[in-house]
Each structure stands twice: as structure tokens, then as C-alpha cells.
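In: Pasting the sequence and the predicted coordinates here, then a few questions.
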Amino acid sequence: MTKLYIKNMVCDRCIMVVQNEICKVGIGIKDIQLGEVTLEKELSDEERLVLDARLTELGFVLIDNKKSRIIEKIKNIIIHYIHYGANDTKSNLSNILSTELHHDYSYLSNLFSEEEGTTIEKYSIAQRIEKVKELLVYDELSLSEIAYRLNYSSLGYLSNQFKKVTGVTPSRFKQIKENKRKPLDKV
């Protein structure tokens, strides 16, 4: 069994694409999650090169070093927490990261800042704002409902943070015809 760590797997569609590419190379998959694939057997050097080339063409990157794997896991946990409903509880993100990654939060925070040039908090805020944009574009929830769903302490706090990050208020964002949303791997 081999584990592969793959950068830029940020959604269920990414999982499907990666799974298809691995199957095309003729390799069996035991388990697949955001950023991580467990294969049924070891990869030969040739299989690894072919798979790496195929994934790179599609915007994915095989990760070989431990620090990069931890960074990618941090990102995937945050994305899952914010975008896929894992944030239903009022759990503290730092506790979630520490628990899931089995490292002290200060270590994770320092590593993330060194490697990414931004803090976990700023990355998390950027992801939350992207989720707010998505929900505003869908226009199915009020801003108050969005604030509640994303665990903002108040509507005012959401509005202030949104304007600070985007330069416009949430209501102005809804009025703009070309709502600029970023792909999750570009946040």
C-alpha cells in the first residue's frame, strides 16, 4: 500500500478527476480523500512518472516532502470545515487542526506562515469570504442566514470582514454583474 499526497484537490470533483486518472494508469485505489490517495500497491518509477505527468496537466501536484503534506492537509481541513458543512459546530479551528494533524497548533501555525507567506487565520478568512461570495451568488439565503451558517458572531462582523477582504460590501457585491469568485485552490 502506498499513500500519495496531492496538492490542489479541493472538492469532490477533484477527487473524481484524480480517481479517473489513477484508474487510467491501471492502479487500484483503496481510499481517496481530499489531498490524499491510498493505493492498493506500490507504484513503479514509470507509473509514478506517468501519473505525475497526467495529474500535472490537470493542475494537480504530487507532494513528496513532509512539510508540504502538512500544509496541504491544513488547507484541506480548512476547506472541508468551511465549504462542506463541517463547521456546523462552534468548534475552534486551531483545536480541530491540532487534533486531526497530531501537532501543536503553534507548530502548525509557524510552519504554515513560513511556507505560505500568510497565516492560517488569514487563509481561513479568505476561504470564509469565498464561501460568502458563493452563497451571495446563489441568492437563496439572507445575509443574516449566511452569517449564522458560517459561524460569524454578528452580521456586522461578517459585513466588515467582507468589505475589508473584497473592498465592497456584501450588498454591493450582489449588485455587481461579474461577481469575481476565485477557485478554491487559488485562495
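Out: Looks like it arrived, so ask away.
In: Is the residue nearest the centre of the chain in a helix, a strand, or coil?
Out: Geometric centre of the chain, nearest residue: residue 79, 3.3 Å, by C-alpha atoms, centre = their mean. Following DSSP: H, G, I helix; E, B strand; the rest coil, residue 79 is assigned to helix.
In: ok, it touching residue 127?
Out: Yes. Counting by C-beta atoms under 8 Å, residue 79 touches residue 127, with 6.2 Å between them. Using the backbone N, CA and C atoms, a C-beta is placed for each residue, glycine as well.
In: Which secondary structure elements does the lowest-mean-pLDDT helix or strand in the chain sit against?
Out: When each helix and strand of the chain is scored by mean pLDDT, DSSP states H and E, helix 170-175 comes last, with a mean of 88. Applying 3 or more C-beta pairs under 8 Å, 6 or more residues apart in numbering; DSSP states H and E, one finds that helix 170-175 contacts helix 120-138, helix 155-166.
In: buried stuff in the longest one?
Out: Judged by neighbour count using 16 or more other C-beta atoms under 10 Å, the buried positions of helix 120-138 are 120, 123-133, 135-136.
In: could these go into a markdown table alongside pLDDT and distance to residue 172?
Out: Formatted as a markdown table, those follow (pLDDT from 0 to 100; distance: C-beta to C-beta, whole Å):
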| residue | pLDDT | distance to residue 172 |
| --- | --- | --- |
| 120 | 96 | 28 |
| 123 | 96 | 24 |
| 124 | 94 | 24 |
| 125 | 95 | 19 |
| 126 | 94 | 19 |
| 127 | 93 | 21 |
| 128 | 94 | 18 |
| 129 | 95 | 14 |
| 130 | 93 | 17 |
| 131 | 93 | 18 |
| 132 | 93 | 13 |
| 133 | 92 | 12 |
| 135 | 91 | 16 |
| 136 | 91 | 10 |
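In: How are the helices of this protein distributed by residue range?
Out: Along the chain, counting by DSSP state H, helices occupy 12-24, 45-57, 66-83, 93-101, 105-116, 120-138, 143-149, 155-166, 170-175.
In: Turn these into TSV, columns for distance to residue 31.
Out: Shown next, in TSV, are the helices of the chain (distance: least, C-beta to C-beta, whole Å):
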stretch	distance to residue 31
helix 12-24	11
helix 45-57	17
helix 66-83	14
helix 93-101	16
helix 105-116	24
helix 120-138	25
helix 143-149	30
helix 155-166	35
helix 170-175	39
